[in-house]
Structures are given as C-alpha cells and as structure tokens.
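Asker: Predicted coordinates and the sequence they were generated for:
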Amino acid sequence: MRVKKLSAAVVAALVTAGIGAAAPSASAAATDPTGRYQVVTPSRIVDTRTGLGLPAGPVRANTTAAFQVTGRGGVPATGVQSVVVNITVVNPAATGWLVAYASDSPQPRTSTVNYPGGWTGATSATVPVGADGKIKVSVGGSGVQVAVDVMGWYASLTSTVAPGSLYQAAVPERWFDSRTDGGGKFVPGDYLDIPIEFDETGGARLTAMQFNLTATGGTGRGWFTAWNGTNNPPSTSALNFSVGETSPNLVTVPVRRVGSSTSQPGWGEYYATVENTSNASAHLIVDGVASFYTDSSNKGATHVVVPPVRVGDSRSGVGMPKGKLGAGRTVNVALPGSLLTPRTDSFEGTITMANPSTNSFLSLFAVGEPRPVASAVNAQTGRNRSNGFATYPGCVDTACTTAGYSIYNSTGTVDAILDVTGRFDLTAEAIAAQGAPAAKATQKSGQRAQVRRAQLAGAPTRG
C-alpha cells in the first residue's frame, strides 16, 4: 500500500478569509438543532443487487420505490430533516434518469442522477425524509440497479441529538491533482491523506469537508472510498470510474483531528482520506468546496429544505438563454426570487450536461466572480451526466436585485440544466457579525472561520 500526500508545491494559501469568533451568545446555550449537519460513518443502506433495503432486482423504468432511512446507517429514528446520500446506478441497459425525494412529497420535475447505457456511477444528494422516515426514488428511461450510501444527516427541530455542525461555503479550489503531482495514477490500495488546517478560535472544531472528487484515465471499472481515515475504509464508494471517462462526484467526508497546527497558532490540524479500494487504477483530482464545523458563537449557515425546482435549462430557455452552450461560452442563470430570503447564503442541487458534442466540462460559480479552475461536472461525447453542486450565488444585475450563477462550457456544444434542491441560510449571529449587506445573496458563510490546506514540507510520499 502506498500513501500519497500533498507537497509544498501543491498546497497554497487560504481558501477563505475569516471573521473573529465572538464569545458564546445567550442563544448558543439553547441552540436550535434545525438544519445542522450530523456526521456518520458512511454506510450502505440500499443495494438492489443483493436485496438490501429494497427487493432484489433493478428498479424498473417508470416505477417508484420507497425505502427506510431513519433508524439505519447511523441515522436516528426521529428528529431527522434530511439525509445526505450517495446514489449509485449500476450498468443500466440504456439511457435513463433517477430522482430522489421525500416519501410524502409529489415527484419533482427534476433529476438526481442522469445515466447513459452501460454506465456505473454515483451522484450525491441531500434528500428530505418523509414523515414515515422514508425516501423515494423514481426511475425514467431504462430500469437500473441502485445502491444508496448514507453520508450524514441534517436535524429537525425535534432532534434530541447534541447540536450538529454549521456550514461554510467557499470558492471551489483545486487542492490536489495526481496528473501533476509526479506520482501517477492511484493503483489499488493507494490512498491520499488530505491535510487541512482550521481556525479553532473560540473553540470551533472542523467536523467534515465537502470535496468535488474527479477520477480520470481509469484502466477499468473501479471506485474510490472517502472517510476520516480512522480504522479500515467503510464498504461504500464515494466515486466510481471506468475506461475512457472522466467521472466527478460531490462528496461530504468526515475528518479526524490529529492535533494543533505547528505552523499557525490557534489552528487545528485535520485529515480526510480517499483510497482506491478497487482493482483498477485512475488519476484522482480533489477540489475543496465547503466545510462543516461546530462553533459556540453560532456563526455560519444551516440547511433549509426547499421544494426541488429547475432554475435553468438551455433546452427550453428556463432561467437562461435558449440554445446549447458553445465552446468557451459562459451564460448566467437567474434564480427565482421565491428561493431567496434576507438570510440566504448558498444553494445546493444538481447540474447536468445533456447531449455533449464532445468530451467537455462545465464550471459553476457566482455571477461576477472569476471562473475557478475546479470543474462542476464532466461528460463524454453523447453521454448525459450530472453531479451535485453546493455554492453561493452572485449578483446578476448591477443593483443586485437578482441572484444567480454563471455556467461555463469548456469545449464543443452542450445543453446545461440546473436544479436547486436545498438552501443554506445564515444564522442571526452570522448576520449580526457581518452587518446587514446591501445584497444578501453575495454573503458567504465561509466568512466565519478560515480553512486551508495544511502546508507540508518535502515531496509527496509514494511508498
């Protein structure tokens, strides 16, 4: 087994700038648990290949299946608002799509996973839980085998578990790329310990990181597993890959604290681990997206359930110009005002590439900000692909009366689709600390605390 670590040549400075932590407020003593994230060890709760959680056999086309989430995989029986899941589709006969939603809600006109025939891959999603503790998956197009892994959950008002973590959005940034670090592809058993430093002023603690993981150059069908690196890797997959494809997935990964930072007083040192637990090899790319943390000052953002809505579709002209995006083109997607509140910080959902004319990728970022190096979704010629997203919007117009996102297409032509399935709102303490901005849509929950890749000396360790 070889271990890969980030070197000084790979790491850089801050992901986000921070504000100082305040003394614990009176409200912190009786913190509302609603929308706070709870970390679990990744656990598989559904696999239709074996009959786990659902009857054995593919979920048939144009049918719906419901399965129990609460009371399983580390999720409590009560007090659950929504769950973060990784949904894997396995070798469908033809093109299709799948949507996941609360068991007591109507099927939304959005999609969670879009898949081509013969593909095995995953998309992560945050899905509200029905009153019976279940969620549903509906399948359109080709029937498909489905596996579901629980990655974490958000609490409801009735939760009796200790208050969980706040959310911090960041500018997507490339943290690691095995194509350029000199070590080559991750062979079976290779793993990457991702070093992270976190500002622990006021007793804050990092609990999880959100990464966009991408695999490319696969030598066969394989997968990566992501967890906090404690004990053996769980029997789940965070990212699937195959020959001739570039495969992304947005994942939420628990972290482990190893001590205080040796380079920055008042900061803590943490790690998250990604391992190739399959029998094939592939390059691994890691983009930092967001973080979850506990903080007695209560500055940050919490998760809010919103009815899933399609906010952008270049095929129909909904929310964006009608027509395919050409090579190097950037278009803006305006968000409906009904989604925004004075505390709105960021959104989550699904971004989809449809009918790409060639291999390409889309980048998603706040209107008015520079395009990041990080990609949001990758697709191959003629194959529809989707990925989860979570980031903050920017101002569409000069007066900032409308919030929205920019979508950039790398090469060829492609249709872009953007679905919003959830929202993060700033706490009252975060608003008070930042002051009331002219445009709430441009505020970033990442302003509470600083998170950065830890600075390591020397070259990457390659076993």
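Answerer: Arrived safely.

Asker: Residue ranges of each domain in this protein, please.
Answerer: Domain assignment of the chain by automatic domain parsing yields the ranges 3-31+163-298, 37-155, 302-445.

Asker: Can you lay out these as CSV showing mean pLDDT and mean neighbour count?
Answerer: Placement of C-beta: from N, CA and C, glycine included. Listed next are the domains of the chain as CSV, based on pLDDT from 0 to 100; neighbours: other C-beta atoms under 10 Å:
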stretch, mean pLDDT, mean neighbour count
domain 3-31+163-298, 83, 20
domain 37-155, 96, 20
domain 302-445, 90, 20
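
Asker: so is Gly328 in a helix, a strand, or just coil?
Answerer: When classified by DSSP: H, G, I helix; E, B strand; the rest coil, Gly328 comes out as coil.

Asker: Tell me who's in contact with it.
Answerer: Neighbouring residues of Gly328 by C-beta atoms under 8 Å, 6 or more residues apart in numbering: 408-411.

Asker: Name the nearest residue to Ala208, sequence neighbours excluded.
Answerer: Once flanking residues are discounted, Ala208 sits nearest to Phe292: 4.2 Å by C-beta to C-beta, 6 or more residues apart in numbering.

Asker: So what sits opposite the one you found in the bridge?
Answerer: Tyr167, Ala208 (DSSP bridges).

Asker: Contacts only, for it.
Answerer: 37, 39, 165-168, 206-210, 252.

Asker: 6 Å instead, please
Answerer: Each residue near Phe292 by C-beta atoms under 6 Å, 6 or more residues apart in numbering is listed here: 37, 165, 167, 207-208.

Asker: now swap in Val286 and tell me
Answerer: In this structure, Val286 makes contact with 175-176, 211, judged by C-beta under 6 Å, 6+ apart.

Asker: ok, so what distance separates the residue nearest to Ala208 from Thr252?
Answerer: 7 Å (C-beta to C-beta, to the nearest Å).

Asker: now do Ala432
Answerer: From Ala432 over to Thr252 (counting by C-beta to C-beta), the distance is 28 Å.

Asker: Not counting sequence-adjacent ones, nearest residue to Gly412?
Answerer: That would be Thr358: by C-beta to C-beta, 6+ apart, it lies 3.5 Å from Gly412.

Asker: Then Asp193?
Answerer: In space, Asp193 comes closest to Tyr271 once its chain neighbours are excluded; the distance is 5.0 Å by C-beta to C-beta, 6+ apart.

Asker: Touching, that neighbour and Tyr191? I think so.
Answerer: No. Counting by C-beta atoms under 6 Å, Tyr271 does not reach Tyr191; the two are 10.7 Å apart.

Asker: Which element, helix or strand, includes the residue nearest to Asp193?
Answerer: strand 267-276 (DSSP states H and E).

Asker: Tell me which strands that strand pairs with, and in which orientation.
Answerer: strand 191-199 (antiparallel), strand 222-227 (antiparallel), strand 256-260 (antiparallel).

Asker: Of all these, which one comes closest to Val129?
Answerer: Using C-beta to C-beta as the measure, strand 222-227 is the one of the strands paired with strand 267-276 that comes nearest Val129, at 22.9 Å.

Asker: Distance of Val59 relative to Val113?
Answerer: Using C-beta to C-beta, we find Val59 at a distance of 11 Å from Val113.

Asker: Many thanks, we can stop here.
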